[in-house]
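K.L.:
I would like to see how this sequence folds:
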Amino acid sequence: MESEITMILENIQRQVDEALVDAVKFDNGNNSAGTRVRKAMQNIKGLAQEVRVEVQEQKSGVPA
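P.N.:
Here you go, the predicted structure:
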């Protein structure tokens, strides 16, 4: 059984992989891809915060 932290990190990895594809498109002049990269990074930022909170809760013994 996967932990919530593992599932969030896997989600982050998927989003980074997708953002990388769009980053290459942006580098080649596709400005719409740049918008998608920015959106993905904002989503990843939120997910990273969720990981931080979850880890801290588990360290403190507070059930998530």
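K.L.:
Which elements pack onto the lengthiest helix in the chain?
P.N.:
Scanning the chain for the longest helix, with DSSP state H as the assignment, gives helix 31-60. With contacts taken as 3 or more Cβ pairs under 8 Å, 6 or more residues apart in numbering; DSSP states H and E, helix 31-60 sits against helix 4-27. C-beta coordinates here come from the backbone N, C-alpha and C atoms, glycine included.
K.L.:
Using neighbour counts, pick out the buried residues of the helix it packs on.
P.N.:
Ile8, Leu9, Ile12, Gln15, Ala19, Asp22, Ala23, Lys25, Phe26 (16 or more other Cβ atoms under 10 Å).
K.L.:
again with stretch 34-48
P.N.:
So, applying 16+ other Cβ under 10 Å, buried residues of stretch 34-48: Arg36, Val37, Ala40, Ile44.
K.L.:
low-scoring stretches of the protein, by residue?
P.N.:
Applying pLDDT under 70 to the chain flags residues 62-64.
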